[in-house]
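Asks: coordinates for the following, if possible.
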Amino acid sequence: MGSARTALLNSITNTKRIRAKLMPSINDVYGSGKFIKSDMDGRLDIDGKPYEKTCTIDKIRIHQYPPEKGESEGKRQITVVFRELPDMEFGCNVTNARAIAKLAGTEDYTRWVGTPIELFVVPEEKSKTGHAIRVRKPRYPSANGMAHHAAPPLWDISDGKSVVAAQTPEQVRKIINDSGMDPSAFKVKPAGAARELAKRADQYGFGFAPVVGSGSTEGDIPF
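Replies: Model prediction:
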């Protein structure tokens, strides 16, 4: 009798577990509410506080914001869940969405699942933390999404004529100082990142405020 009762209880428990696994969750629609962010130190605000992290897209959701005053419909945003960070979401702005589309080879975001990307942090004046997260092609093979803690982020720097790639922040500053030129005469971007992320060196925190009238134009940079 006891063994039959135990078997019945085990059957009920297993049934509940199966239902819980198959049952739709509100998190499937609204997400966890925990977004991947950057911190004040220019690192990803996740375990280990890495400068960058290689991840693989696992799920895609569309986050619907409530309409603001005067709007009939709220804005929508693509949010990404990674296999390596299943309890967090990455909210894609237009810049990051376009970067992922290039890496995935399609603008159809429903087909982005399985795409490996690398998250990294750049200075951003408009951000509350002074930094923002961007996306690029993974620079290191990382089957398990290992974060790269050891080294600071690298930069590509150009004077409008040539490019010096993969420089540390100290090397970038030395190139600028040795040239005797204003920092605004140089363009820099995170190493391996898209050309669209290139800015004047002073805008990324290298050197001081630009001299009026100096610096290269957007069309000069040979990235």
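Asks: the helix or strand of the chain with the lowest mean pLDDT: what's the following helix or strand?
Replies: The helix or strand of the chain with the poorest confidence is helix 26-30; it has a mean of 51 (mean pLDDT, DSSP states H and E). Later in the chain than helix 26-30, the nearest helix or strand by DSSP states H and E is strand 52-64.
Asks: what's that following strand packed up against?
Replies: Applying 3 or more Cβ pairs under 8 Å, 6 or more residues apart in numbering; DSSP states H and E, one finds that strand 52-64 makes contact with helix 26-30, strand 76-82, strand 85-92, strand 116-123. The way it works is simple: take the backbone N, C-alpha and C, and place the C-beta from them, glycine included.
Asks: poorly predicted segments of this protein, please.
Replies: Judged by pLDDT under 70, the chain has its weakly predicted residues at 1-33, 140-152, 207-223.
Asks: per-domain residue ranges of this structure.
Replies: 28-136, 155-204 (automatic domain parsing).
Asks: would CSV of those with mean neighbour count be doable?
Replies: Below are the domains of the chain laid out as CSV (neighbours: other Cβ atoms under 10 Å):
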stretch, mean neighbour count
domain 28-136, 16
domain 155-204, 18
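Asks: direction included, what does the helix or strand hosting residue 164 pair up with?
Replies: Using DSSP H and E, residue 164 sits within strand 163-167. With DSSP bridges as the test, strand 163-167 is paired with strand 155-158 (antiparallel).
Asks: show me what contacts the residue lying closest to residue 115 once chain neighbours are set aside?
Replies: Nearest non-adjacent residue to residue 115, counting by Cβ to Cβ, 6 or more residues apart in numbering: residue 104, 4.4 Å away. Shown in contact with residue 104 (Cβ atoms under 8 Å, 6 or more residues apart in numbering): 57, 111-112, 115.
Asks: for residue 104, phi and psi?
Replies: phi -80, psi -20 (degrees, to the nearest 10).
Asks: quick one: residue 77 from residue 175, how far?
Replies: 38 Å (Cβ to Cβ, to the nearest Å).
Asks: ugh, wrong one, residue 196
Replies: Counting by Cβ to Cβ, the gap from residue 196 to residue 175 is 22 Å.
Asks: can I get the helix or strand that residue 103 is a member of in PDB, CA atoms only?
Replies: Using DSSP H and E, residue 103 maps to helix 94-104. Below are the C-alpha coordinates for helix 94-104, written out as PDB (Å, rounded to 0.1, in the frame of the first residue of the first chain):
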ATOM      1  CA  VAL A  94      19.100  50.800 -33.700                       C
ATOM      2  CA  THR A  95      22.900  50.800 -33.800                       C
ATOM      3  CA  ASN A  96      23.100  47.400 -32.200                       C
ATOM      4  CA  ALA A  97      20.200  45.900 -34.100                       C
ATOM      5  CA  ARG A  98      21.900  46.900 -37.400                       C
ATOM      6  CA  ALA A  99      25.200  45.500 -36.200                       C
ATOM      7  CA  ILE A 100      23.600  42.100 -35.300                       C
ATOM      8  CA  ALA A 101      21.700  42.100 -38.700                       C
ATOM      9  CA  LYS A 102      25.100  42.300 -40.500                       C
ATOM     10  CA  LEU A 103      26.600  39.600 -38.400                       C
ATOM     11  CA  ALA A 104      23.600  37.300 -38.900                       C
END
